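Visitor: When you get a sec, could you give me coordinates for this:
(one chain, ligands or ions: 3)
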Amino acid sequence: MMFFTGAGVSLNGKFIAAAGGGIYIPAFLVLLIVIMVVVLSSYFIWLANRHMKKAIFQHANIDDITGYGNYAKFVDDANIMLKYDDMHYVVGYVDISNFKIINDFYGRKSGDLVLKMIADRVHDIVVPDGICARIFADRFVFMVSYLDLGSLEYMVETHLSEADVEIPQTNVHIRLKCNCGIYRVDDYRENINDMVDKASMAAKISKNSVSKMVTVLEKEISSTIVNNQKITYKMNDALSNQEFVPYIQPKISFRDGRIVGGEALVRWISPEDGMIPPDKFIPLFEQNGFVTKVDFYMLEKVCAMLKARSDIGKRNVPISVNQSRVHIYDKMYINKLINTFDKYGIDKENIIFELTESAFTENTDDMIVLIKRMKTLGYRISMDDFGCGYSSLNMLNLLPINELKIDKAFLDDESPKSRFIIKTIVELAHGLGISIVCEGVETDEQVRFLRHIGCDVAQGYYYAKPMPMNDFEKMLDGRMSVTK
Ligand code: C2E
Ligand code: CA
Ligand code: CA
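Guide: Ligands and ions are numbered 1, 2, ... in the order given. A predicted model of the protein is given here:
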């Protein structure tokens with residue numbers, strides 16, 4: 001029993017009385033109200049909890065801008081799909097070339113709406129059973145099964161090629177260029193992030209292409225790219241660990257068979273991969289700019305050798321060092337050269353800078369300025385690989401070079417026409433006071449021909465292959481013989 005007395009509660013009345021009055025409420029009603037209050041408050045707490053959990057889930061799994069799953073969810077879903085399915089899958093990567101313009105000119109809000117629109121298109125590619133997500137900024141990823149790759153490529157192209165968007169609240173239409181990379185999943189145990197990396201590499205190939213919107217990453221390209229990534233990852237350590245080693249190939253005078261010079265050629269001697277030839281890494285280093293460091297490293301090694309020899313009174317011959325075209329873009333290049341020569345006290349006559357013919361034709365004006373400055377400062381210049389590019393003969397007139405190196409490919413062509421051209425180049429160069437070196441000399445016949453036409457210097461396996469510096473020095477000192 002319970003009843004209220006005044007504002008209080010009595011536990012022994014049958015009715016509940018309001019304060020000072022005689023209103024009695026049956027006890028079962030009180031009980032019902034209490035139960036209802038408890039049930040309702042529990043329900044509201046549960047509802048709030050659910051709401052909070054949903055918000056947390058959304059925050060962790062949904063991309064705010066597109067409303068689709070985010071990258072974390074994509075990875076989870078992709079792992080589940082690959083585990084339980086035996087379909088053929090591709091991972092696609094989409095990147096918009098000129099998206100920054102929208103953010104910069106029309107504001108973030110417009111940018112977000114455009115991203116949502118592109119996300120819808122990517123989503124259309126994968127429905128009904130594929131998955132997609134925005135990774136970050138204007139990058140999207142998708143995974144979808146396919147029966148025929150050609151049809152899939154076509155579908156991607158039709159959904160993304162006409163990405164003509166209207167900027168919200170303006171009448172402006174912008175045509176976005178979407179670049180898509182596709183990676184075919186071979187090994188379902190491969191890490192999803194690696195698959196996405198490969199698809200993104202393929203997207204980069206599309207980005208660099210004017211005509212191609214979709215690139216399917218082929219196995220060979222994929223392994224080259226992975227290999228390039230490995231090299232890029234290791235190159236700095238390799239340089240500080242002295243894994244780049246200068247080899248020198250002797251240059252032989254046709255007149256008396258003596259060593260009149262040498263060309264420094266880099267080798268990468270890696271503890272894991274053994275000796276790696278320059279063709280495997282120089283082109284990549286030219287792309288990422290690291291070649292400038294390797295070139296200066298080689299120059300320092302050569303300067304150190306020349307200085308050590310001259311300190312003990314030994315004969316020196318000019319050593320050629322290869323210089324990449326990339327140096328043209330470095331405003332401090334000449335200052336760095338001056339500092340290196342000063343550091344070792346090297347006579348400028350003792351180094352010849354080899355620049356490939358294609359470097360002259362690609363950036364003619366900049367190259368002419370650079371070469372003229374170098375020449376004024378007293379440096380010696382050689383035009384390498386002459387004959388395999390398209391330099392005009394007038395270039396020989398414009399550029400104050402000291403030496404011309406005829407490319408091996410020219411010599412390999414034994415036709416009378418080719419031989420006539422070599423003979424004419426030799427005469428022309430001599431007429432201009434330029435010395436001629438023929439590269440890749442391998443046979444008796446070539447030696448006879450070159451000697452006959454008055455070529456000055458030979459470089460090739462016929463005489464000697466590139467060798468470690470020590471061996472070159474022994475040969476120069478007459479302690480090791482040139483093979484012929
Ligand atoms: P390159 O400057 O034209 O060097 C000549 C290449 O021809 C060398 O290859 C040399 O080993 C090879 N060679 C010489 N004689 C013969 C021959 O009789 N027969 C054949 N088949 N080949 C011969 P290597 O050392 O593999 O160098 C390849 C290229 O790598 C060089 O071509 C040069 O463009 C580049 N390179 C090498 N070292 C450096 C460097 O320190 N810096 C830069 N920027 N490039 C370098
Ligand atoms: Ca060279
Ligand atoms: Ca060459």
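Visitor: Show the subsequent helix or strand relative to the lengthiest helix in the chain.
Guide: Longest helix of the chain, by residue count under DSSP state H: helix 27-61. Remark: after helix 27-61, the chain's next helix or strand is helix 71-84, criterion DSSP states H and E.
Visitor: isn't there a helix covering Leu404?
Guide: No - judged by DSSP: H, G, I helix; E, B strand; the rest coil, Leu404 forms no part of a helix; its state is strand.
Visitor: picking that back up, would you mark the buried spots in the longest helix of the chain?
Guide: For helix 27-61, a neighbour-count test (16 or more other Cβ atoms under 10 Å) marks Ala27, Val30, Asn61 as buried. All C-beta spots, glycine's among them, are computed from the backbone N, C-alpha and C.
Visitor: pretty sure Val75 contacts Asp194?
Guide: No - counting by Cβ atoms under 8 Å, Val75 stays clear of Asp194, with 11.5 Å between them.
Visitor: So these two - more neighbours on which side?
Guide: Legend: neighbour count by other Cβ atoms under 10 Å for Val75 and Asp194, higher for Val75 (19 against 13).
Visitor: Please name the residues that touch that one.
Guide: Ile192, Asn193 (Cβ atoms under 8 Å, 6 or more residues apart in numbering).
Visitor: That one and Ser209: what is the separation?
Guide: 29 Å (Cβ to Cβ, to the nearest Å).
Visitor: Please report how far the nearest residue in space to Ala119 that is not next to it in sequence lies from Met213.
Guide: Leaving aside its chain neighbours, Ala119 sits nearest to Thr66 (3.6 Å; criterion: Cβ to Cβ, 6 or more residues apart in numbering). Plainly put, Thr66 is 21 Å away from Met213 if you go by Cβ to Cβ.
Visitor: where does this structure come near ligand 1, residue by residue?
Guide: Within the chain, the positions adjacent to ligand 1 are 249, 265-266, 277-279, 282, 291, 294-295, 298, 322, 324, 384-385, 439-442, 459-461, 466 by Cβ under 6 Å from any ligand atom.
Visitor: go again using 8 Å as the cut-off
Guide: Applying Cβ under 8 Å from any ligand atom, we find that the chain lies next to ligand 1 at 246-247, 249, 263-267, 277-279, 282, 285-286, 291, 294-295, 298, 321-324, 354, 356, 384-385, 405, 407-408, 439-442, 459-462, 465-466.
Visitor: Among the residues you listed, which are located in helices?
Guide: Going by DSSP H, the helices hold Ile282, Phe285, Glu286, Val291, Val294, Asp295, Met298, Lys408 from those.
Visitor: which residue packs closest to the second one, ignoring adjacent ones?
Guide: With sequence-adjacent residues excluded and distances taken as Cβ to Cβ, 6+ apart, Phe285 is closest to Val291, at 3.8 Å.
Visitor: quick one: low-confidence ranges for the stretch 301-450 of the chain?
Guide: 390-391 (pLDDT under 70).
Visitor: Could you do the stretch 51-200 of the chain as well?
Guide: If you take pLDDT under 70 as the line, the stretch 51-200 of the chain has these spans: 52-59, 85, 162-163.
Visitor: Let's see that with 80 instead.
Guide: 51-60, 84-86, 98, 162-172 (pLDDT under 80).
Visitor: What segments of it are helices?
Guide: For the stretch 51-200 of the chain, applying DSSP state H, counting those that start in this stretch gives helices covering 71-84, 99-126, 149-160, 192-207.
Visitor: quick one: which of the ones you listed is nearest Arg255?
Guide: In terms of Cβ to Cβ, the element of these nearest to Arg255 is helix 192-207, at 50.9 Å.
Visitor: Can you check what angle separates the closest one from helix 71-84?
Guide: Helix 192-207 runs at 110 degrees relative to helix 71-84, counting by axes from the mean of the first three to the mean of the last three Cα atoms, to 10 degrees.
Visitor: The helix or strand that helix 192-207 is followed by - contacts with which helices or strands?
Guide: Moving toward the C-terminus from helix 192-207, the next helix or strand (DSSP H and E) is strand 214-216. For strand 214-216, the elements it packs on are helix 149-160, strand 178-184, helix 192-207, judged by 3 or more Cβ pairs under 8 Å, 6 or more residues apart in numbering; DSSP states H and E.
Visitor: just checking, Glu362 touches Arg325?
Guide: Yes - contact criterion Cβ under 8 Å: Glu362 and Arg325 qualify, at 6.6 Å.
Visitor: out of the two, which sits in the busier spot?
Guide: The neighbour comparison of Glu362 against Arg325 (other Cβ under 10 Å) goes to Arg325, with 17 against 13.
Visitor: re earlier: which among the residues of the chain next to ligand 1 end up buried?
Guide: Buried, going by 16+ other Cβ under 10 Å: 246-247, 249, 263-267, 278, 282, 285, 291, 294-295, 298, 321-324, 354, 356, 384-385, 405, 407-408, 439-441, 459-460, 462, 466, out of the residues of the chain next to ligand 1.
Visitor: Give the full set of residues in contact with the residue positioned nearest the centre of the chain.
Guide: Central residue of the chain (Cα atoms, centre = their mean): Asn288, 6.6 Å from the mean position. Asn288 is in contact with Thr232, counting by Cβ under 8 Å, 6+ apart.
Visitor: Off-centre distance for the longest helix of the chain?
Guide: Remark: helix 27-61 is offset 55 Å from the chain centroid, using Cα atoms, centre = their mean, to the nearest Å.
Visitor: Next: stretch 135-150.
Guide: 22 Å.
Visitor: same check, this time on stretch 364-383
Guide: Worked out by Cα atoms, centre = their mean, stretch 364-383 lies 30 Å from the chain centre.
Visitor: From Phe140, how far off is Cys66?
Guide: One correction, residue 66 is Thr, not Cys. Counting by Cβ to Cβ, the gap from Thr66 to Phe140 is 8 Å.
Visitor: if you count what's nearby, which of those two comes out ahead?
Guide: Neighbour tally, Thr66 and Phe140, criterion other Cβ under 10 Å: the higher count belongs to Phe140, 31 against 21.
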